[in-house]
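[1] Provided below for reference: sequence and predicted model.
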Amino acid sequence: MNEFPFVASSLEERHPISMSNGVLQNVTQRSVFELIRDIRDPEHPYTLEQLGVVSREGVSIGCIGPDGIAPNVGLPIRCVKVVFKPTIPHCSMAAVIGLCIKTHVSRHVRNHFVQVHIVDGGHINFRALNKQLDDKDRVLAATENEVLLDLMEKCLPAI
């Protein structure tokens, strides 16, 4: 645990987002950042934005097109990718933070593949944690764990 994390004194300007029945209407870098900026850190009374864990620059929107290997079923696939940086390289809550981001974006963004990764070198186990965050079965199992789900719900902002 980072006992004395750096807390940003100034934050990005807020921008309104359009939601309908809990679904983000215009999926852009800025609107996805607005969704995740107020997720709370599981160990500290601050948001991920205040701690510098997430930034607008870490959000990207794109498409996955046919590559000649995968079958062409409904391609291209729209994709939201969020890259975050834990406050310390040995953060014990990095996987929980990644799950919070992935769960929150998945709940409010439709028709997009959601990928959440730790920035390269941002954690001593970033490759293994990224692999876990990409494994849909592990993510589903984690969100069915009541203790973990309770912790995540405390971190996720109301929309």
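    It's in.

[2] mind listing what the spatially most central residue of the chain touches?
    The residue lying closest to the centre of the chain (CA atoms, centre = their mean) is residue 101, at 2.7 Å. Residue 101 makes contact with 36, 39, 48, 54, 82, 84, 116 under the criterion CB atoms under 8 Å, 6 or more residues apart in numbering. For glycine as for every other residue, the C-beta is placed from the backbone atoms N, C-alpha and C.

[3] With adjacent residues omitted, what lies nearest to residue 40?
    Ranked by CB to CB, 6 or more residues apart in numbering and with sequence neighbours excluded, the top spatial neighbour of residue 40 is residue 155, at 4.6 Å.

[4] if I look at that neighbour, how far off is residue 29?
    22 Å (CB to CB, to the nearest Å).

[5] Select the helix or strand of the protein having the lowest average pLDDT value.
    Least confident helix or strand, the chain: strand 59-64 with a mean of 92, by mean pLDDT, DSSP states H and E.

[6] Tell me the strands beside it, with direction?
    Sheet pairing of strand 59-64 (DSSP bridges) gives strand 77-84 (antiparallel).

[7] sorry, back to before: and the residue nearest to the centre of the chain, that one's in a helix?
    Yes - assessed with DSSP: H, G, I helix; E, B strand; the rest coil, residue 101 lies in a helix.

[8] Show the pLDDT at it.
    Listed pLDDT for residue 101 reads 99.

[9] Once you drop chain neighbours, what's closest to it?
    Residue 101 sits nearest to residue 116 (CB to CB, 6+ apart), 4.9 Å away.

[10] quick one, what contacts the one you found?
    Shown in contact with residue 116 (CB under 8 Å, 6+ apart): 81, 82, 83, 84, 98, 101, 102, 105, 133.

[11] The same query, at a cut-off of 7 Å, please.
    82, 98, 101, 102, 133 (CB atoms under 7 Å, 6 or more residues apart in numbering).

[12] what's the neighbour count on the fourth one?
    Just to be clear, that refers to residue 102. 23 (other CB atoms under 10 Å).

[13] Fine by me, thanks again.
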